[in-house]
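A predicted structure for the sequence below; I have some questions about it.
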Amino acid sequence: MLDNLPLAAVSVEANSLKFGHWLTNSVLVGALVLCAITWFVRRGMKDATLIPNKKQNVCEFLVEFLYNQVEGIVGKKVAPKAFPLLATMFIFIVVSNWFGLIPGVGTIGWDSHHTSYLTAEHIKTPLLRPATADLNMTLAMALCAFFVWIWITLNELGEHETHGKGGLIIRLVFGFWGFIKHTFAPKGGLTGPIAIPLFFVFLMVGVIELVSIAFRPVSLSLRLLGNIFAGETLLHTMMTLGGALGLGPLGQFVTSVLFPIPFYFMEILVGGLQAVVFTLLCAVYIKLSTTHDDAH
Amino acid sequence: MDIITKVLSTFGVEWPMFIAQVIIFMIVYAVLQKFVFPQVTSMLEERRRRIEEGEANLAKIKSDLESAERKASEIIGDANKQAERMIREATDSAMFAGEKKKQEAVAEAGQIISKAKEASQLEHEKLMAELKRDFGRLLVDTTTKVTGRVLTQEDQDRINKDAVSQVAL
């Protein structure tokens, strides 16, 4: 009976809506999340006072908490540079993930006949799809994080190499040299004959390190996509499980309400956790590349 | 390269959608960077500064309070000492005044007694003189009636003198 159950009830790729090829249901949700975040932060911080109201308190708590976490990982010096991107990623991902749990997201749309009206049955093209369940979005964030990581790394290592002297170009050039040293040079202050064979070992380690760095955006984006897409599929499967089990209309309705409930709580957890994982990994990458050997 | 294109195509990654998502993410970044992060950071910094100021003021107030309490304690101690001294002086002064008054009263009482004694003496003497005079006159009258003759002035003086001398005894 369960053999008929589709493994992926929802499509892995976002669907273009009727208003334009670029405007997918995922882009629409991304825009809605943007509006929601903008509305909330404007409400919270519009008339910010020393004695905060509830919304301001939430904003301040979130920012302070995130800043302390980022500072704890990347250090006091790099934290002001890395914090805006990392905090934006965390907030955007967590809101996007939880937005996908709102009833109607993924369950209201157009059926396979592409009729002009919206329906909740036999959905082929959902009107709304979680932004983080689209590789375009996760890859976009991962690449943004990657470029910011390059910028912070070159700046920081360049500043270290030039001892804070020189302009931006010089700092970036020296930063690149510092990155090469940081990646390939033998670590631990080895000298003498033992340093020669170890030089080749560290060279190979550097090559592996470069490959792992190149794959970071891929791993970051696919991890987030995989978790959120799997959650969407799981919820969709649970909602349609009654039909797959051959229950009648009433049984299908009851199971479509009851079965997904435990998984909703799990998805709340997964949504927050994946935001933490994505942000934490980016912070760790920044920390690893900006730590100087002489700072140990 | 083909395999990458194929994988990206399988997941529906296309430039227009990718750029749209990048723009959305950059707008979120810009919004938070403009409206939240600087304000919250400055607000937290301002609050931290106020708290530091408050703590410093609290320490100063505490120090001032301790100083004021110490001063008050010193002033109260001085006042107590001064009060004790004044009480002692007042007590001494009162004792001295009392002693003086007592002495005055004793002297005055002595004077009164002395005067009273003198007055009593004078009164006594006056009464004795009257008594002598009355006694002499009574004796003369009696002698005149008994003897039946009129006594002369010399007789009267002699009888009076005898009588007074006997009364005086």
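Good, I have the coordinates.

what about B:Ala105, how many residues nearby?
For B:Ala105, the number of neighbouring residues by other Cβ atoms under 10 Å in any protein chain shown comes to 10. Where C-beta positions appear, they are placed from N, C-alpha and C, glycine not excepted.

and if you look at A:Lys18?
Residues near A:Lys18, counting by other Cβ under 10 Å: 9.

which ones are touching the residue of the stretch 151-296 of chain A found nearest chain B?
Nearest to chain B, among the residues of the stretch 151-296 of chain A, is A:Leu225, at 7.4 Å (Cβ to the nearest Cβ). Shown in contact with A:Leu225 (Cβ atoms under 8 Å, 6 or more residues apart in numbering or on different chains): A:Thr132, A:Ala133, A:Asp134, A:Leu135, A:Thr138, B:Phe11.

which residues does the closest residue in space to A:His160 that isn't next to it in sequence contact?
Once flanking residues are discounted, A:His160 sits nearest to A:His292: 5.5 Å by Cβ to Cβ, 6 or more residues apart in numbering or on different chains. Each residue near A:His292 by Cβ under 8 Å, 6+ apart is listed here: A:Leu157, A:His160, A:His182.

mind listing the strands for the chain?
You didn't say which chain, so I picked chain A. Along chain A, counting by DSSP state E, strands occupy A:109-111, A:123-126.

right idea, wrong chain: chain B
Going by DSSP E, chain B shows no strands.

enumerate the residues of it near chain A.
Selection of chain B residues close to chain A by Cβ under 8 Å from any Cβ of the partner chain yields B:8, B:10-14, B:16-22, B:24-29, B:31-33, B:35-37, B:39-41, B:43-44, B:46-47, B:50.

pLDDT score for A:Pro6?
pLDDT recorded at A:Pro6 is 50.

before we move on, back to that, which one (most neighbours) among the contacts of A:His292?
A:Leu157 (25 neighbours).

how close does the residue nearest to A:His160 sit to A:Glu71?
18 Å (Cβ to Cβ, to the nearest Å).

quick check: phi and psi at residue 12.
Just going to use chain A. phi -80, psi -20 (degrees, to the nearest 10).

chain B is the one I meant
Residue torsions, per degrees, to the nearest 10, at B:Gly12 are phi 80, psi 30.

my read is that it contacts A:Ala133, right?
No: with contact defined as Cβ atoms under 8 Å, B:Gly12 does not reach A:Ala133; the gap is 10.7 Å.

shared neighbours of those two, anything?
Shared contacts of B:Gly12 and A:Ala133 (Cβ under 8 Å, 6+ apart): A:Ala14.

sorry, back to before: now the strands of chain A in TSV, with mean pLDDT, distance to chain B and mean neighbour count?
Compiled in TSV, those are given as follows (pLDDT from 0 to 100; distance: least, Cβ to the nearest Cβ, whole Å; neighbours: other Cβ atoms under 10 Å in any protein chain shown):
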stretch	mean pLDDT	distance to chain B	mean neighbour count
strand A:109-111	79	16	19
strand A:123-126	79	13	19
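
around chain B, which positions in the stretch 151-296 of chain A sit nearby?
Counting by Cβ under 8 Å from any Cβ, the stretch 151-296 of chain A sits next to chain B at A:Leu225.

can you give me the helices for the stretch 151-296 of chain A?
A:168-184, A:195-239, A:241-244, A:249-258, A:260-290 (DSSP state H, counting those that start in this stretch).

from the stretch 1-150 of chain A, which residue is nearest to chain B?
Closest point on the stretch 1-150 of chain A to chain B, by Cβ to the nearest Cβ, is A:Glu13, at 2.5 Å.

isn't that residue up against B:Phe11?
Yes: shown here, A:Glu13 and B:Phe11 form a contact pair, counting by Cβ under 8 Å, at 6.0 Å.

overlap in contacts of these two?
Common neighbours of A:Glu13 and B:Phe11 (Cβ under 8 Å, 6+ apart) are A:Leu135.

tell me the pLDDT of the closest residue to B:Lys132 other than its chain neighbours.
Residue nearest to B:Lys132 in three dimensions, not counting chain neighbours: B:Val164, with 4.8 Å by Cβ to Cβ, 6+ apart. For B:Val164, the model assigns a pLDDT of 72.

residue ranges in chain B under the pLDDT threshold?
Along chain B, the parts satisfying pLDDT under 70 run over B:167-169.

can you do 90?
Low-confidence segments of chain B (pLDDT under 90): B:1-12, B:14-15, B:41, B:43-45, B:47, B:124-125, B:128-169.

now do the helices in it.
Remark: helices assigned in chain B by DSSP state H are B:2-10, B:15-35, B:37-147, B:153-168.

with just CA atoms, put the shortest one into CSV.
Spelled out, that is helix B:2-10. Taking Å, rounded to 0.1, in the frame of the first residue of the first chain, the C-alpha atoms of helix B:2-10 are listed here in CSV:
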residue,chain,number,x,y,z
ASP,B,2,28.6,19.8,-17.8
ILE,B,3,27.9,17.9,-14.7
ILE,B,4,27.8,21.1,-12.7
THR,B,5,25.4,22.6,-15.2
LYS,B,6,23.3,19.4,-15.0
VAL,B,7,23.2,19.4,-11.2
LEU,B,8,22.3,23.0,-11.1
SER,B,9,19.6,22.5,-13.7
THR,B,10,18.2,19.6,-11.8
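
so what does that helix touch, helix or strand wise?
When contacts are defined as 3 or more Cβ pairs under 8 Å, 6 or more residues apart in numbering or on different chains; DSSP states H and E, helix B:2-10 packs onto no helix or strand at all.

can you list contacts of that helix?
A:Val12, A:Glu13, A:Leu135.

in chain B, which residue is most central in space?
Centroid check for chain B by Cα atoms, centre = their mean gives B:Ala83 as the closest residue, at 7.6 Å.

so who does the residue nearest to B:Lys132 touch?
Neighbouring residues of B:Val164 by Cβ under 8 Å, 6+ apart: B:Lys132, B:Phe135, B:Gly136.

just put those residues in a markdown table and tack on neighbour count.
Output for those, formatted as a markdown table (neighbours: other Cβ atoms under 10 Å in any protein chain shown):
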| residue | neighbour count |
| --- | --- |
| B:Lys132 | 16 |
| B:Phe135 | 16 |
| B:Gly136 | 19 |
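
could those residues be laid out in TSV, adding distance to A:Gly248?
TSV is the format used below for those (distance: Cβ to Cβ, whole Å):
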residue	distance to A:Gly248
B:Lys132	164
B:Phe135	165
B:Gly136	169
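
related to what we said a few turns ago, and the helices of the stretch 151-296 of chain A as JSON lines, adding distance to A:Gly104?
As requested, the helices of the stretch 151-296 of chain A are exported to JSON lines (distance: least, Cβ to Cβ, whole Å):
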{"stretch": "helix A:168-184", "distance to A:Gly104": "47"}
{"stretch": "helix A:195-239", "distance to A:Gly104": "12"}
{"stretch": "helix A:241-244", "distance to A:Gly104": "19"}
{"stretch": "helix A:249-258", "distance to A:Gly104": "14"}
{"stretch": "helix A:260-290", "distance to A:Gly104": "13"}
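
out of those, nearest to A:Thr49?
With distances scored as Cβ to Cβ, the stretch of these nearest to A:Thr49 is helix A:260-290 (29.1 Å).
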